[in-house]
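Student: Provided below for reference: sequence and predicted model.
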Amino acid sequence: MSRQQASPIILCFSGHDPIGGAGIQADIEAIAAQSAHAATLITALTVQDTRNVQRIEPVAAETLREAASAVLKDLPVAAFKIGLLGSAEIAQTVANIIRQHPGIPLVLDPVLAAGGGKKLSDDRLLEVMRKQLLPLATLLTPNSLEARQLSGEEDLDLAAQQLLSMGCKNVLITGTHEATDRVYNTLYTAAGQQVFESERLPGDYHGSGCTLAATLAARLALGEEATSACHHALAYTEHCLRRAHSPGHGQSLPGRIKKDHEQNAIEDLNPDKDL
């Protein structure tokens, strides 16, 4: 019997969130919603709730390397997605893995702090990210705080140019942390920039960045170029946030799972529709 590949495969390097709002579970749900398949490698276990992260425990780097090798020898991976790394050693291991597969697009979500404020990186991890991972990224997805921290620039346009100069092909800076009435997410490329404007939704959300980055990786795997991928991914993420629920005492969790009575979220996304 001949084998059929029903959907593109995205290999995700992310932490495990026991709440299910962010991390690997967010990746799986968001990628499945794009009619793609998530293969997953857990970079770190975490102790957290909907309010904040208490502790992260990176996995053994050699175990991660062996697991990635097994997956990549078996599956035709169409894109990589990187989220929480947890340590400089894990970041270096992931960079070495990605470097061996230069033709596969990479979406890098630089998770530097939890939504509750817990710092999730140190100077060594930042250095490896800047020197080893940014040059490999097809699309970098920092929020405005992360863009400033990675680049050392306060002005976001200058920050983006600095990040592009480090080797990123495209940089999408999200604007939810900025003090603006509406949200302005800006895609920077070598050819210029494009702003995606959307309504500022009330409340705080746990896993919105993971949802966005995973969706972007799926859209790139499906063959979209960066601008179209950003348009679809931002629209889908907003759709999830509008359907968020609050099961705990902290942030709300994006509603990524389609309900039976709803139409497929991806089919509803019209690339000509304003965000």
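Tutor: That came through fine. Source: prediction; values computed, not measured.
Student: check which helix or strand Cys12 maps to.
Tutor: strand 9-16 (DSSP states H and E).
Student: packing partners of the helix or strand following that strand?
Tutor: Per DSSP H and E, the first helix or strand lying C-terminal to strand 9-16 is helix 23-33. If you count contacts as 3 or more CB pairs under 8 Å, 6 or more residues apart in numbering; DSSP states H and E, helix 23-33 packs onto strand 9-16, strand 37-48, helix 208-221, helix 226-242. Backbone N, C-alpha and C define where each C-beta goes, glycine included.
Student: rerun at 6 Å
Tutor: strand 9-16, strand 37-48, helix 208-221 (3 or more CB pairs under 6 Å, 6 or more residues apart in numbering; DSSP states H and E).
Student: who does the first one pair up with?
Tutor: Meaning strand 9-16. The sheet places strand 9-16 alongside strand 37-48 (parallel), strand 77-82 (parallel), with pairing taken from DSSP bridges.
Student: just the angle between it and helix 208-221, please?
Tutor: Compare the direction of strand 9-16 with that of helix 208-221 by axes from the mean of the first three to the mean of the last three CA atoms, to 10 degrees and you get 170 degrees.
Student: mean confidence for strand 9-16?
Tutor: On average, the pLDDT along strand 9-16 is 97.
Student: helices along the stretch 51-200 of the chain, start to end?
Tutor: Defined through DSSP state H, counting those that start in this stretch, the helices belonging to the stretch 51-200 of the chain, from first to last, are 61-74, 88-99, 123-128, 144-151, 156-165.
Student: turn the ones you listed into JSON lines, columns for mean pLDDT, distance to Pro202 and mean neighbour count.
Tutor: Supplementary listing: the helices of the stretch 51-200 of the chain in JSON lines, determined by pLDDT from 0 to 100; distance: least, CB to CB, whole Å; neighbours: other CB atoms under 10 Å:
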{"stretch": "helix 61-74", "mean pLDDT": "98", "distance to Pro202": "38", "mean neighbour count": "14"}
{"stretch": "helix 88-99", "mean pLDDT": "97", "distance to Pro202": "35", "mean neighbour count": "20"}
{"stretch": "helix 123-128", "mean pLDDT": "91", "distance to Pro202": "32", "mean neighbour count": "15"}
{"stretch": "helix 144-151", "mean pLDDT": "94", "distance to Pro202": "19", "mean neighbour count": "21"}
{"stretch": "helix 156-165", "mean pLDDT": "97", "distance to Pro202": "24", "mean neighbour count": "18"}
